[in-house]
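Novice: need a structure here:
(one chain, ligands or ions: 1)
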Amino acid sequence: MLPAIPFNRPYLSGPETQYIEEAVRSGKISGDGIFTKRCHQFFEQHMGVHKALLTTSCTDALEMAAILLDLQPGDEVIVPSYTFVSTPNAFVLRGAKIVFADSTKENPNIDVTSLEELITPRTRAIVPVHYAGIACDMDAIRALADSHGLAIVEDAAQAIDSFYKGRPLGSIGELAAFSFHETKNIIAGEGGMLVINEARYAQRAEIIREKGTNRSSFFRGEVDKYGWVDVGSSFLPSDIIAAFLWAQIEHMADIQHRRKAIWQQYYEAFSSLTQLGVGLPVIPDYATNNGHMFYLVCRSLDERSALIDYLRQKQILPVFHYLSLHKSPFYQSKHDGRALPWADHYTDCLVRLPLYYQLYPELQQRVIEAVHEFYQRS
Ligand SMILES: *Cc1c(COP(=O)(O)O)cnc(C)c1O
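Specialist: Numbers count the residues shown, from 1 in each chain. Model (predicted):
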């Protein structure tokens, strides 16, 4: 039998375990050690952002953002319905009310034309998710946010090394959250990062990340003792995580090159399927592709189920994901009842194909052929 082709396989670039050993030998493996500092410096310089802070996950970075915005119970936050639970959950933890927005017809990103009518006097923030690493329409979101005094928090979990009109994703909102979960492009097992683009949030972010203490100022010699100055939690990762991440960062160009080549191969191989009405990723002129994800949009839920079954029989393991959050068991009774048809459409019809560094040409060819066979049969 042919070897199974998993959906994802975490890729080690080489020096991960060596750097972990170095971190251990340095004598300090708690947070903000030598590798964490290297990672911070890299992202601040590479993305040209005010401050980058590693966190234990993107979920934690989003939770930090919600604390930084000082959300009060009843404040409203606009979030796409078609996203991972952490995007709204971080704000729900602060007592905020989530106002779900629909996706666009072209791709699962938030439909900016639907936003104006969702804004009320209680709206505090918009949280665009750059789905598959493809930018949302940030100028339109920025114009709305500025005219209504709202903050933008980018959920850039999937958006490392991707751009909007030449600007790195994660550098546009007041705050942005990235993920280094093993299913993302650049990984650390579990890990994340909060990016701060507004200087006024920087000092408080350090405090929130360090259990509500001014420990970071203390280590820089700015205060002579540290104490409890605000709310916070333990959001900083061990330097062992940062050591792993540093190995990935060093090989980011190679990883990205490979992922984009696989993506392009899929895109060309499946372009003919659009004649049948099967959807492929759409990258607007203002956006780039970062090779995070390749997906197809089937014509119906039945077709997607049949395609997934067919591929599984051939030892290929695609996945579907995101069940519209406005219909989730937790939120449906709190949702205002508006229909969000595009979120539901992607919920039913989108399927993600295997995409990982070691998806070598002969393996990828098996996936491509199996998908074509499926559509020739049906
Ligand atoms: C992966 C992901 C998250 C969560 O990231 P973690 O690091 O696992 O917390 C949040 N939002 C989106 C859009 C994601 O893809």
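Novice: Residues of the stretch 151-300 of the chain that sit close to the ligand?
Specialist: Residues of the stretch 151-300 of the chain lying near the ligand by Cβ under 6 Å from any ligand atom: 155, 157, 158, 179, 181, 192. Yep, even glycine has a C-beta here, placed from its N, CA and C like the rest.
Novice: Same list as before, those that is, but in TSV and with neighbour count and pLDDT included.
Specialist: Output for these, formatted as TSV (neighbours: other Cβ atoms under 10 Å; pLDDT from 0 to 100):
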residue	neighbour count	pLDDT
155	31	98
157	31	98
158	24	98
179	30	98
181	19	98
192	27	98
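Novice: For the residue nearest the centre of the chain, give its distance to residue 90.
Specialist: Per Cα atoms, centre = their mean, the C-alpha nearest to the average position across the chain is that of residue 157, at 1.6 Å. Going from residue 157 to residue 90 by Cβ to Cβ, to the nearest Å gives 12 Å.
Novice: got it, and residue 196?
Specialist: 16 Å.
Novice: Equivalent analysis for residue 290, please.
Specialist: Distance of residue 290 to residue 90, given as Cβ to Cβ: 23 Å.
Novice: out of these two, which sits in the busier spot?
Specialist: With neighbours defined as other Cβ atoms under 10 Å, residue 290 and residue 90 compare such that residue 90 has more, 27 against 23.
Novice: That one sits in which helix or strand?
Specialist: helix 86-92 (DSSP states H and E).
Novice: Which residues does that helix contact?
Specialist: Helix 86-92 is contacted by residues 57-59, 62-63, 65-66, 71, 77, 79-80, 98, 100, 125, 127, 129, 155, 325, 331 when judged by Cβ atoms under 8 Å, 6 or more residues apart in numbering.
Novice: and the following helix or strand past it, how far from the chain's centre?
Specialist: Next in sequence after helix 86-92, counting helices and strands by DSSP H and E, comes strand 97-101. On the basis of Cα atoms, centre = their mean, to the nearest Å, strand 97-101 is displaced by 19 Å from the centre of the chain it belongs to.
Novice: List the buried residues for strand 97-101?
Specialist: By 16 or more other Cβ atoms under 10 Å, the buried positions in strand 97-101 come out as 97, 98, 99, 100, 101.
Novice: Also stretch 175-189?
Specialist: Quick answer for stretch 175-189 (16+ other Cβ under 10 Å): 175-181, 183-188.
Novice: Where do the strands of the stretch 201-350 of the chain begin and end?
Specialist: 295-297, 350-352 (DSSP state E, counting those that start in this stretch).
Novice: Can you lay out these as a markdown table showing mean neighbour count and mean pLDDT?
Specialist: Converted to a markdown table, the strands of the stretch 201-350 of the chain look like this (neighbours: other Cβ under 10 Å; pLDDT from 0 to 100):
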| stretch | mean neighbour count | mean pLDDT |
| --- | --- | --- |
| strand 295-297 | 23 | 98 |
| strand 350-352 | 21 | 98 |
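Novice: got CSV for those strands, with distance to residue 336 too?
Specialist: Formatted as CSV, the strands of the stretch 201-350 of the chain follow (distance: least, Cβ to Cβ, whole Å):
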stretch, distance to residue 336
strand 295-297, 27
strand 350-352, 25
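Novice: Quick one, which of the ones you listed gets closest to residue 22.
Specialist: strand 350-352 (35.3 Å; Cβ to Cβ).
Novice: Quick check: which helices or strands does that closest one pack against?
Specialist: strand 295-297, helix 301-313 (3 or more Cβ pairs under 8 Å, 6 or more residues apart in numbering; DSSP states H and E).
Novice: most packed of the ones you listed?
Specialist: Most buried of the helices and strands packed on strand 350-352, by mean neighbour count (mean count of other Cβ atoms under 10 Å): strand 295-297, with a mean of 23.
Novice: and for that one, what are the contacting residues?
Specialist: Residues contacting strand 295-297 (Cβ under 8 Å, 6+ apart): 132, 270, 273, 278-281, 307, 345-346, 349-353, 371.
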